[in-house]
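1. A predicted structure for the sequence below; I have some questions about it.
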Amino acid sequence: MAAPSDAPHVEDLEVVTAQPVKIPLSQKMAVGAVAGIIGTAAIFPIDVVKTRLQNQKPDRLGRLRYNGAIHAFRSIIKREGFGGLYRGLGANLVGVTPEKAIKLAANDQLREIFVERNGGKPIQLWQE
């Protein structure tokens, strides 16, 4: 079936390039804070297991409470429940959340400044 004669032709179409969207600093900080919370919450159980392994002391007979990471992980869940893997998360987030918010927002803000100074072209890895 032939295209109608009033249909646009490829050569008539304009190429439209998207302009970069300027995201306000406050939104960058909010997104950075959320990213910090998600990242910390995802890694925190591993950190709890690592800390418990590092801090364990032998009992009177010289035995250690945990025989390795998997044993520690299972033991914590068995004795304390799943929440035991997240014990202390709130205190950790008090420090991590503002740090990640500032770090990620500043990084993005500086990248925008350098791109503007580079004539709108993306900056190279060595320029970061």
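-> Arrived safely. Numbering: from 1, shown residues only.
2. assess the claim that residue 29 and residue 99 are in contact.
-> No. Contact status for residue 29 versus residue 99: not in contact, 11.3 Å apart, counting by CB atoms under 8 Å. From N, CA and C alone the C-beta is placed, and that goes for glycine too.
3. pick out whichever of these two has more residues nearby.
-> Between residue 29 and residue 99, residue 29 has the larger neighbour count (other CB atoms under 10 Å), namely 20 against 13.
4. with adjacent residues omitted, what lies nearest to residue 112?
-> Spatial nearest neighbour of residue 112, excluding adjacent residues (CB to CB, 6 or more residues apart in numbering): residue 22 at 7.6 Å.
5. tell me the buried residues in the top helix by length along the chain?
-> Assignment by DSSP state H gives helix 25-55 as the longest helix of the chain. For helix 25-55, a neighbour-count test (16 or more other CB atoms under 10 Å) marks 28-29, 31-33, 36-37, 40, 44-45, 48-49, 52-53 as buried.
6. kindly report the same for stretch 77-93.
-> So, applying 16+ other CB under 10 Å, buried residues of stretch 77-93: 84-85, 89, 93.
7. and of those, the nearest to residue 119?
-> residue 93 (40.3 Å; CB to CB).
8. so the closest one sits against residue 37, correct?
-> Yes. Between residue 93 and residue 37 there is a contact at 6.1 Å, judged by CB under 8 Å.
9. and the helix or strand encompassing residue 112, what does it pack against?
-> Using DSSP states H and E, residue 112 sits within helix 89-117. In terms of contacts (3 or more CB pairs under 8 Å, 6 or more residues apart in numbering; DSSP states H and E), helix 89-117 is packed against helix 25-55.
10. tell me what the helix it packs on is packed against?
-> Applying 3+ CB pairs under 8 Å, 6+ apart, we find helix 25-55 packed against helix 69-80, helix 89-117.
11. and those helices: which comes nearest residue 57?
-> Ranking the helices and strands packed on helix 25-55 by their distance to residue 57 (criterion: CB to CB) puts helix 69-80 first, at 14.0 Å.
12. contacts for that closest one, please.
-> Helix 69-80 is contacted by residues 45, 48-50, 52-53, 65-66, 84-85, 87 when judged by CB atoms under 8 Å, 6 or more residues apart in numbering.
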